[in-house]
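>>> let's see this in three dimensions:
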Amino acid sequence: MENFLRWLPVIVWSSVIFIFSSIPHLKVPTLGLGFEDKIYHCAEFLIWGLLFMRASAHSKMHRPEDLVLLILTGVIFSVVDEWHQNWIPGRQFDFKDLISDWAGLLISLLIRAFQ
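Have a look, this model is predicted:
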């Protein structure tokens, strides 16, 4: 049960990401920058990466396999999330969004590396 509870924030946040990407014609709040959507993508996967590392049994990331697991899982999840938007009205696969997702994962790794 403890293991499940440790992973629950990752499951919840993954669900939040998937739910928001399933909303047809979603309009993001503007900040006047013109690329807010990329900031949001980066932030959501930054949070996801931090939650994933926190949940990991080896959250200190001492083993290379832990980093590989985070990267592979995050990349697969982000690709599936973008790909499924092809079936959502007003949404589509956007490679730039995918790059922003990956940037968030990378930032989460950098944050963890410098802790």
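
>>> what's residue 114 sitting at in phi/psi?
The phi/psi pair for residue 114 (degrees, to the nearest 10) reads phi -100, psi 20.

>>> and it, how many neighbours does it have?
6 (other C-beta atoms under 10 Å). Yep, even glycine has a C-beta here, placed from its N, CA and C like the rest.

>>> what about the helices in this protein?
Using DSSP state H, the helices of the chain run over residues 2-21, 36-55, 64-84, 95-113.

>>> point out where the protein drops to low pLDDT.
Scanning the chain with the threshold set as pLDDT under 70 gives 57-63.

>>> of all residues in it, which one is nearest the centre?
Nearest to the geometric centre of the chain sits residue 45, at 2.5 Å (C-alpha atoms, centre = their mean).

>>> is it true that residue 105 touches residue 67?
No - using C-beta atoms under 8 Å, residue 105 makes no contact with residue 67, being 10.6 Å away.

>>> these two: who's more crowded?
residue 105 (23 against 17).

>>> ok, for the residue nearest to the centre of the chain, nearest residue in space, not its chain neighbours?
residue 104 (3.2 Å; C-beta to C-beta, 6 or more residues apart in numbering).

>>> and the residue nearest to the centre of the chain, what does it touch?
17, 74, 78, 100, 101, 102, 103, 104, 105, 108 (C-beta atoms under 8 Å, 6 or more residues apart in numbering).
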